[in-house]
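[1] Sequence isn't available, so here's the structure alone:
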């Protein structure tokens, strides 16, 4: 029997893997993460550097025993700062949930139900995600692990089914001619990994969590992304680069014996991933607010937050242009840097200085 | 929290309303769809003519008005200034909503291909939601004749044409080209898209029509540049490693004709750069199987293989030179490979020089 309200590191990183992979693969090819296929493949290397950099403040904040949260560190400085941080991180979680939902909505609107209004479906989707979030972290952890297995199997099937069309000649020249662009691309991939924000809040809820788990996850994730983008480039070539959803294009050409419509398999997988992502961010948002603003055990806040995610989704999903504007790395990048790197680092050093002063 | 317990069930029930089969207020029944299996594109004086081969989902019922009923398939033709205008007439003429996701192949007439195919293929890809893994081919003569041909199979003419292409591609008699690969070559601009040339002819034993493959069409950008014959196509497939199993007839010095089966030819492309002069070496490795009857008439296997090697090398070289003579082509993707290996190399500038410096090596082993 596990400790109540706690999940294992494997479950948490499975949630991360599923949730972030869905963001990376549902990215529009026009989104600025390096324009060419070569950059998308090579992006993983700067991503490794950025992810390592992001780990520094995370593991400074959560401490050696991983029992600290950002809010608890803020609390030592000032209760107001703690409340502000909680509100800030809750809002960020809602924003990332709505971005994920918008990306999924855009995918449904362009590929699955063209020219149809999917808002009703997204509303029901948000409500269901809020309900799942209300079931707690253990449920999310178990679901994450299950979805991870499904996603891994799905990716293997899709790769295996499309490999016969793989042609090395379709691969772009892997020469990093634009180093600046490459590093920016790696950073954009990191900003899509906003789930790592949750480590500041959920770390005490994870059993035996350590740096090695984080490192293992970053490596596995990078390897998967690298392999998948190589397969996409090798199969779809220059044609894939011009498609809105490259991974979807890959699945639409894949066939496995009598199974020819593997794009439906991907649609199903993305539905699961987007669902988990939305649920996870709603849960994270509620967790931030619960620790600082209220202590109720009622489930109503989850549904209020679910409604907030849906309301945020509405303006973002008006058009592809609106989504691109909202997902622009020049807008999201600074937010991410402040929330993951700058603010926690400042809080850590201030709290450390205060603790040192108390000792002396 | 009891009031929340029934929530998942209510949500599931509401979700069923959003399923694609339950559109409200007008459900899209199969009888209201025009299921298209093949598309033919011809160039007319005033624009284009689109010929659609459709499946009669209710075979056995009375044929629909305006449709030329042939077995389980129906043929429709629409004219317009462009593809969009022609296809806009489908619904108003037939009263049915066209369904493009079941298309198996697109047939472009030679005339259309010579005028450029990018615009029309992009229209189909972006507007009709067809699948990108369908076959693209060029017709000998009018595309309408191929698409509307009664090929004597309940599977429909599109199915027969597709199977013919698949079978021929395996033996290297043609180069099967899928739409996404064709477009990829088109967009990459440093390679040559090519696709099979197809026609229909009368059977020798009956009045029925049969599909016939007559080589490949080579494109320069999106414009058809040259058509090559069946043997050239076969040699090209051998050169590029596109054929897994190729049967060729080789005439020996004593006048005997030897039928040789080549399995899994592997092509190695080496690029050599010396003092800014590029040269390429194509090394072909093949396993050759010659019938015992042919072997009996010859002194030794080694001598036989040497003769086959010599003959095939000459033919490959001639084929390569003939193809390269038409400037602007990049066979075996040498230009692209060169550009990959040497980024400073300008494919456009030195491409022709590269193609002149190609050495073809042939290694044959007997099975």
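    Arrived safely, thanks for sending. Source: prediction; values computed, not measured. Residues are numbered from 1 along each chain as shown, chains lettered A, B, ... in the order given.

[2] Burial check on residue A:359, number of neighbours?
    Taking other C-beta atoms under 10 Å in any protein chain shown as the neighbour definition, residue A:359 ends up with a count of 6. For every residue, glycine as well, the C-beta is placed using N, CA and C.

[3] go on, residue B:140?
    By other C-beta under 10 Å, the burial measure for residue B:140, its neighbour count, is 20.

[4] which residue packs closest to it, ignoring adjacent ones?
    residue B:199 (3.6 Å; C-beta to C-beta, 6 or more residues apart in numbering or on different chains).

[5] In the stretch 1-150 of chain B, mark out all the helices, start to finish.
    With DSSP state H, counting those that start in this stretch, the ranges of helices along the stretch 1-150 of chain B come out as B:7-17, B:83-94, B:110-115, B:118-127, B:143-147.

[6] roughly how far apart are residue B:93 and residue B:143?
    Distance, residue B:93 to residue B:143, using C-beta to C-beta, to the nearest Å: 19 Å.

[7] who has more neighbours, those two?
    When residue B:93 and residue B:143 are compared for neighbours, residue B:143 comes out ahead with 29 against 15, by other C-beta under 10 Å.

[8] close enough to count as contact, that one and residue B:107?
    Yes - contact between residue B:143 and residue B:107 holds when scored by C-beta atoms under 8 Å: they sit 4.3 Å apart.

[9] and for those two, which residues touch both?
    Overlap between the neighbourhoods of residue B:143 and residue B:107 consists of B:40, B:41, taking contacts as C-beta atoms under 8 Å, 6 or more residues apart in numbering or on different chains.

[10] can you pull out the strands in the chain?
    No chain in the question, so chain A it is. Counting by DSSP state E, chain A forms strands over residues A:7-8, A:206-207, given from the N-terminal end onward.

[11] To clarify, I was referring to chain B.
    With DSSP E as the criterion, chain B has strands spanning B:33-44, B:47-55, B:68-70, B:73-80, B:97-99, B:105-109, B:135-139, B:194-202, B:209-220, B:223-228, B:245-251, B:257-274, B:277-290, B:358-366.

[12] To residue B:234, which of these lies closest?
    Closest to residue B:234 of the strands of chain B is strand B:245-251 (C-beta to C-beta; 6.1 Å).

[13] Would you mind listing the buried residues in the closest one?
    Within strand B:245-251, the residues that qualify as buried by neighbour count (16 or more other C-beta atoms under 10 Å in any protein chain shown) are B:246, B:248, B:250.

[14] For the first one, give the beta-bridge partners.
    When bridges are assigned using DSSP bridges, the partners listed for residue B:246 are residue B:262.

[15] Surely it touches residue B:172?
    Yes - with contact defined as C-beta under 8 Å, residue B:246 reaches residue B:172; the gap is 4.1 Å.

[16] what's the overlap in contacts for these two?
    Taking C-beta under 8 Å, 6+ apart as the contact definition, residue B:246 and residue B:172 share the neighbouring residues B:234, B:237, B:238.

[17] Give me the pLDDT for residue A:32.
    We note a pLDDT of 46 for residue A:32 in this prediction.

[18] Show me the domain layout of chain B.
    The record assigns chain B these domain ranges, following automatic domain parsing: B:29-228, B:230-367.

[19] Check those for me: which has the lowest mean pLDDT.
    Summarising mean pLDDT across these, the least confident stretch is domain B:230-367, with a mean of 72.

[20] ok so, going back, possible to save the helices of the stretch 1-150 of chain B as TSV with distance to residue A:249?
    Shown next, in TSV, are these (distance: least, C-beta to C-beta, whole Å):
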stretch	distance to residue A:249
helix B:7-17	27
helix B:83-94	22
helix B:110-115	24
helix B:118-127	10
helix B:143-147	26
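
[21] Which positions in the stretch 51-200 of chain A make contact with chain B?
    By C-beta under 8 Å from any C-beta of the partner chain, the part of the stretch 51-200 of chain A that sits against chain B consists of A:113-114, A:120-121, A:124, A:127-128, A:131, A:134, A:165, A:169-170, A:173, A:175, A:177.

[22] Tell me which two of those sit farthest apart.
    A:134 and A:169 (51.7 Å).

[23] And those two? Which one has more around it.
    Counting neighbours by other C-beta under 10 Å for residue A:134 and for residue A:169 shows that residue A:134 has the greater number, 23 against 16.

[24] I'd assumed residue A:299 was in contact with the more buried one.
    Yes - with contact taken as C-beta under 8 Å, residue A:134 and residue A:299 are classed as touching, separated by 4.1 Å.

[25] which one is residue A:54 nearest to, not counting chain neighbours?
    Spatial nearest neighbour of residue A:54, excluding adjacent residues (C-beta to C-beta, 6+ apart): residue A:340 at 5.3 Å.

[26] separation between the one you found and residue B:101?
    Distance check for residue A:340 against residue B:101: by C-beta to C-beta, it reads 43 Å.

[27] Settle it for me: which of those two has more neighbours?
    Neighbour totals were compared for residue A:340 and residue B:101, and residue A:340 leads with 25 against 12 (other C-beta under 10 Å).

[28] now the residue of the stretch 1-150 of chain B found nearest chain A: how far from residue A:165?
    Among residues of the stretch 1-150 of chain B, the one nearest chain A by C-beta to the nearest C-beta turns out to be residue B:133. It sits 4.2 Å away. Shown here: residue B:133 relative to residue A:165, a distance of 8 Å by C-beta to C-beta.

[29] quick one: residue B:304 and residue B:258 touch, right?
    Yes - the pair residue B:304 and residue B:258 qualifies as a contact (C-beta under 8 Å) at a distance of 7.3 Å.

[30] Name the residues of the stretch 101-250 of chain B found near chain A, please.
    In this structure, the stretch 101-250 of chain B approaches chain A at residues B:129, B:131-133, B:178, B:180-181, B:183-188, B:191, judged by C-beta under 8 Å from any C-beta.

[31] so where is the stretch 51-200 of chain A shaky, pLDDT-wise?
    For the stretch 51-200 of chain A, applying pLDDT under 70 flags the ranges A:173-177.

[32] Just the helices from it, written as ranges.
    Counting by DSSP H, counting those that start in this stretch, the segments of the stretch 51-200 of chain A that form helices are A:70-77, A:79-107, A:119-134, A:137-162, A:179-191, A:199-202.

[33] and the longest one, which residues are buried?
    Put plainly, it is helix A:79-107. Of the residues in helix A:79-107, those buried by neighbour count under the rule 16+ other C-beta under 10 Å are A:81-83, A:85-86, A:88-107.

[34] I figured residue B:44 was touching residue B:80, is that so?
    No - applying C-beta under 8 Å, one finds residue B:44 not in contact with residue B:80, separated by 9.2 Å.

[35] who has more neighbours, these two?
    Neighbour tally, residue B:44 and residue B:80, criterion other C-beta under 10 Å: the higher count belongs to residue B:80, 17 against 14.
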